[in-house]
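Asks: here's my sequence, what's the structure:
(one chain, ligands or ions: 1)
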Amino acid sequence: MKQNLSVMNRIAESYVRLVLSVGRHDSDYVDAFYGPPEWKTEVDEEKPPLETIRKRASAALAELRTVAPARLDEASRLRHAYLAKQLESMIARVNILSGNTMTFDDESRALYDAVAPTFPESHFKEILQELAPLLPGAGTVHERYEQFKRNFVIPKEKLDSVFTAAIHESRRRTREWIELPANESFTVEYVTGKSWSGYNWYKGESNSLIQVNTDLPIYIDRAVDLASHEGYPGHHVYNALLEKHLVRERKWLEFSVYALFSPQSLIAEGTANYGIEMAFPEAERVKFEREVLFPSAGLDPSKVELYYRVHGIFLNLAYAGNEAARKYLNGEIARDEAARWLTEYALMAPERAQQRTRFFDQYRSYVINYNLGQDLVKKYIESRGGTPQNPQKRWKEFQALLSTPRVPSALTRTSGEFFVRPKF
Ligand SMILES: [Zn+2]
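Replies: Numbering: from 1, shown residues only. Down below sits the predicted model:
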């Protein structure tokens, strides 16, 4: 047993060095690193080529497989499964960087340990029909949706005060259920020229830099969504709990690095998205928006209910983005056609749809981590009794998920069945 643990620690160290090595070939790969700085210096001096990285990752994986999980305690078994999946994914990423191409679904399985369900166009058309009667004016649903949303943009000069109010509230709500490290903290920065709308850069020592992209208009729903997703109980809390429980308490240093294109991202994005409704159950959100955020943004509070009724239906279109990405990255449609699909079925304004296709170029099948991740996390937590009616259990399960190594395919053994007839 002891020997097994020292093998695992050695493999964990190799894993961290390998992630840092891939990061030299792929500037998006290392999302966070706060482990021993000399490991980074050594990797930068050695500059291992992709082929060397692939060989070392395969050797680490082979060695890991000599450790029988049955002989480990539960936490170490999860760690073992986690390291194996992360290494397999890394090898796939190295193969992609070496010029190996895969279909969208093969790539998401190899990198994120999950495959998103496929939906026909008719699925999205039905949702649009449900939305249509709520939107005034003439024209197509997406034109009317865009027109409708125009009244709900946060004015630029009010963005900081609105976002600050949202993040303080999401922090307050999260702290009611989760004990956060005493020194946890964050800073917010407003940036431009990015393919994403928000980003959390975890710095270690329970500190995050949260960036909000102001290239395009920011609608009022994004305040709570970004505050919860990037901050509380999303990415910032996830990283802070991993650091506290796994890196500091257990000395599992593989968690001091975060490989973006890896199964860990499905857990991260899934919990960050599910965390929005955890921190702000629907009725409480509407109340907070009406009493605080709408007035703070100078918007008409009498429109809150209608806005969130529309928003609720709009969220059911989430998989339209996956379909556009799948067809575009598989080479079945060109960029303009992908953008058109996003405008028609994901209701993105043309400019935002163009921005999103650039996100597809940069992050590829990563897109499934948001909506599939959210659905898998929801299913996992609620099937364990963590339903909205039982918030105590819900937060307990959520916190446990954020504080232990988990792999996507183990979240639900029944994902196949679950997605035959999705219910949203
Ligand atoms: Zn995210």
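
Asks: number of nearby residues for the residue of the stretch 301-424 of the chain found nearest the ion?
Replies: Proximity of the stretch 301-424 of the chain to the ion (C-beta to the ion) peaks at residue 370, 7.1 Å away. C-beta: built from backbone N, CA, C; applies to glycine. Residues lying near residue 370 (other C-beta atoms under 10 Å) number 19.

Asks: how about the closest residue to it other than its chain neighbours, what does it touch?
Replies: Leaving out its chain neighbours, the residue that sits closest to residue 370 by C-beta to C-beta, 6 or more residues apart in numbering is residue 269, at 4.9 Å. Contacts for residue 269 (C-beta atoms under 8 Å, 6 or more residues apart in numbering) come out as 369-370, 373-374.

Asks: what's stretch 293-306 in contact with?
Replies: Stretch 293-306 is contacted by residues 134, 151-152, 154-155, 158, 161-162, 165-166, 220, 223-224, 286, 289-291 when judged by C-beta under 8 Å, 6+ apart.

Asks: helix, strand or coil for residue 194?
Replies: coil (DSSP: H, G, I helix; E, B strand; the rest coil).

Asks: quick one: it from residue 359, how far?
Replies: 9 Å (C-beta to C-beta, to the nearest Å).

Asks: re earlier: now list the buried members of the contacts of stretch 293-306.
Replies: 134, 152, 154, 162, 165-166, 220, 223-224, 286, 289-290 (16 or more other C-beta atoms under 10 Å).

Asks: inside helices: which ones of the residues you listed?
Replies: Using DSSP state H to define helices, the subset of the buried ones among the contacts of stretch 293-306 located there is 162, 165-166, 223-224, 286.

Asks: distance to the ion and pLDDT for the residues you listed - can I get that in TSV?
Replies: Below are these laid out as TSV (distance: C-beta to the ion, whole Å; pLDDT from 0 to 100):
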residue	distance to the ion	pLDDT
162	20	98
165	21	98
166	16	98
223	16	97
224	15	98
286	24	97
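
Asks: what is the nearest of these to residue 231?
Replies: residue 166 (8.8 Å; C-beta to C-beta).

Asks: and the helices in the stretch 101-250 of the chain?
Replies: Per DSSP state H, counting those that start in this stretch, the stretch 101-250 of the chain carries helices over the ranges 104-112, 121-131, 141-149, 159-175, 221-226, 235-241.

Asks: among the ones you listed, which is the most enclosed?
Replies: Of those, the one with the most neighbours on average (mean count of other C-beta atoms under 10 Å) is helix 235-241, at a mean of 27.

Asks: does it come close to the ion?
Replies: No: using C-beta under 5 Å from the ion, we find that helix 235-241 stays clear of the ion, coming within 5.6 Å at best.

Asks: measure how far that helix is from the centre of its chain, please.
Replies: 12 Å (C-alpha atoms, centre = their mean, to the nearest Å).

Asks: what average pLDDT does that helix get?
Replies: In this model, helix 235-241 has a mean pLDDT of 97.

Asks: how about the ones in helices among the buried ones among the contacts of stretch 293-306 in CSV, adding distance to residue 209?
Replies: As requested, those are exported to CSV (distance: C-beta to C-beta, whole Å):
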residue, distance to residue 209
162, 19
165, 20
166, 17
223, 18
224, 20
286, 30
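
Asks: what does this structure have sitting close to the ion?
Replies: Near the ion, when you scan the chain using C-beta under 5 Å from the ion, you find 269, 272.

Asks: picking up where we left off before, for the residue of the stretch 301-424 of the chain closest to the ion, grab phi and psi.
Replies: Main-chain dihedrals, residue 370, degrees, to the nearest 10: phi -70, psi -60.

Asks: how much space between it and residue 359?
Replies: Distance from residue 370 to residue 359, by C-beta to C-beta: 11 Å.

Asks: just want the residue of the stretch 51-200 of the chain that's nearest the ion.
Replies: residue 200 (6.6 Å).

Asks: beta partners for that residue?
Replies: Residue 200 has these beta-bridge partners by DSSP bridges: residue 210.

Asks: what is the neighbour count of it?
Replies: Residue 200: 24 neighbours (other C-beta under 10 Å).

Asks: before we move on, what about residue 74?
Replies: By other C-beta under 10 Å, 9 other residues sit near residue 74.

Asks: what's the answer for residue 60, then?
Replies: Considering only other C-beta under 10 Å, residue 60 is surrounded by 23 other residues.
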